[in-house]
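Engineer: Give me a 3D structure for the following:
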Amino acid sequence: MIQQIQISAESVDQKTKAASSTCCCFGKKGIYAFFGTSKGAIHAVHTATLEVTCSVKLSSSAVNTVARNPRGSDIVTSSSDRILRVCEVYLPGQETRRKVVAAGTPPSITVITKIQDIVNRVHWAQALFSSSGDYIVSGIQHKAEHNIYIWDKLSGSLVKMLTGPNELLEDCAVHPLRAIYASVSTFGIIYMWTRVPQQNWNAFAPGFRELEENIDYTESEDIFDRRIVQENGGTVDCVLERILQDAHAVAGADETEMDIDVDITDNDPLFSDSDSQSEDDGFVIPVRVECDDKLPPTTVLSELEAQQPLTNDVPTELGQTITE
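Structural biologist: Residues are numbered from 1 along each chain as shown. Okay, the predicted model is just below:
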């Protein structure tokens with residue numbers, strides 16, 4: 001079923017009435033739909049009642065595109081005046097950054113950031129939010145350039161510009177979860193944009209040296225010779241030197257490291273029981289008790305006080321005192 005939404009003069013501002021819609025998009029949960037008009041206005045329409053909840057005039061130029069962020073709290077528009085506008089949305093039942101807007105809160109659509117290319121003054125083919133909602137991704141329609149601009153949402157500063165072939169950009173799209181962009185040129189070619197991971201081999205091999213370009217490796221004549229003649233005229237046996245170095249390395253390891261046998265356990269005669277008939281091997285961990293001088297001395301009862309009997313043999317009741 002198709003229903004027609006009529007934006008009348010009684011429901012909206014006088015400055016935004018009687019204008020044709022040029023673009024639209026749904027909110028996060030589909031409760032509201034946002035319409036851009038040819039007179040530079042944005043209308044928020046409730047999808048259940050089809051009533052205009054909020055209306056605001058952004059500029060006198062027509063709104064070409066409108067899109068929302070993944071959270072549903074902001075929208076971005078591109079107009080014919082070559083300016084991108086990021087608007088913060090407060091609508092009843094609409095989720096914001098912190099909490100759900102209460103029912104009594106007056107609805108509002110407020111412009112928080114304006115973005116434009118002051119130098120080139122280019123037209124924007126599309127304006128979208130990134131997958132995280134922190135950046136604005138926009139494609140330009142300028143001559144035969146295929147460029148995508150990435151802006152910071154709050155500051156409006158340019159973060160990155162992606163340069164493509166000399167083909168006019170028609171439209172672009174953003175992946176909902178990953179940092180992947182797609183763009184379409186006038187020749188019908190689809191381009192996918194993503195970040196190429198950089199391989200850092202130095203993290204695995206500290207002595208690894210990266211080369212910016214290929215180099216010719218010159219192999220020395222004596223690289224596979226057993227005996228090498230040094231500059232002073234002497235000869236060195238490479239195989240023998242390697243064997244001696246390995247032997248010194250093993251000897252040094254034996255001196256510094258002591259092998260601990262954890263598989264075989266011997267009975268300690270100090271803690272063994274000579275009367276025991278069991279021949280099972282025992283395992284004893286020697287423990288040395290260290291006394292702490294800071295602890296208070298313990299009070300020990302004498303043998304007389306400990307062995308002194310009570311004169312009253314009758315069981316006592318609760319609260320009764322025993323006398324000697």
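Engineer: In contact with residue 30: list those residues for me.
Structural biologist: If you count contacts by CB atoms under 8 Å, 6 or more residues apart in numbering, residue 30 has them with residue 47. C-betas here are computed from N, CA, C, even on glycine.
Engineer: what's the burial count for the closest residue to residue 62 other than its chain neighbours?
Structural biologist: Leaving aside its sequence neighbours, residue 62 sits nearest to residue 38 (CB to CB, 6 or more residues apart in numbering; 4.3 Å). Using other CB atoms under 10 Å, residue 38 has 14 other residues around it.
Engineer: likewise residue 168?
Structural biologist: When counting by other CB under 10 Å, one arrives at 16 neighbours for residue 168.
Engineer: That one and residue 143, how far apart?
Structural biologist: Remark: distance between residue 168 and residue 143 (CB to CB, to the nearest Å) = 7 Å.
Engineer: my guess is the residue nearest to residue 62 contacts residue 57, does it?
Structural biologist: No: counting by CB atoms under 8 Å, residue 38 stays clear of residue 57, with 12.0 Å between them.
Engineer: Between the two, which contacts overlap?
Structural biologist: By CB under 8 Å, 6+ apart, no residue touches both residue 38 and residue 57.
Engineer: All the helices of the protein, residue numbers only.
Structural biologist: Taking DSSP state H, the helices of the chain run over residues 238-256, 303-307.
Engineer: Between those helices, which has the poorest mean confidence score?
Structural biologist: Mean pLDDT per stretch puts helix 303-307 lowest among those, at a mean of 50.
Engineer: contact partners of stretch 172-183?
Structural biologist: 70, 125-126, 128-131, 137-139, 146, 148, 162, 164, 169, 171, 184, 190-195.
Engineer: If we use 10 Å, what do you get?
Structural biologist: 67, 70, 125-132, 135, 137-140, 146-148, 150, 162, 164, 167, 169-171, 184, 189-195 (CB atoms under 10 Å, 6 or more residues apart in numbering).
Engineer: Give me the buried positions along that stretch.
Structural biologist: Buried residues in stretch 172-183, defined by neighbour count with 16 or more other CB atoms under 10 Å: 172, 174, 181, 183.
Engineer: residue ranges with poor pLDDT in this protein?
Structural biologist: 1-19, 94-104, 222-231, 233-236, 250-286, 291-324 (pLDDT under 70).
Engineer: Kindly recompute the last result at 50.
Structural biologist: 9-11, 16, 270, 274-275, 300-301, 303-304, 312, 316, 318-319, 321-324 (pLDDT under 50).
Engineer: Quickly list the domain ranges of it.
Structural biologist: 1-113, 117-195 (automatic domain parsing).
Engineer: I appreciate the help and will end here.
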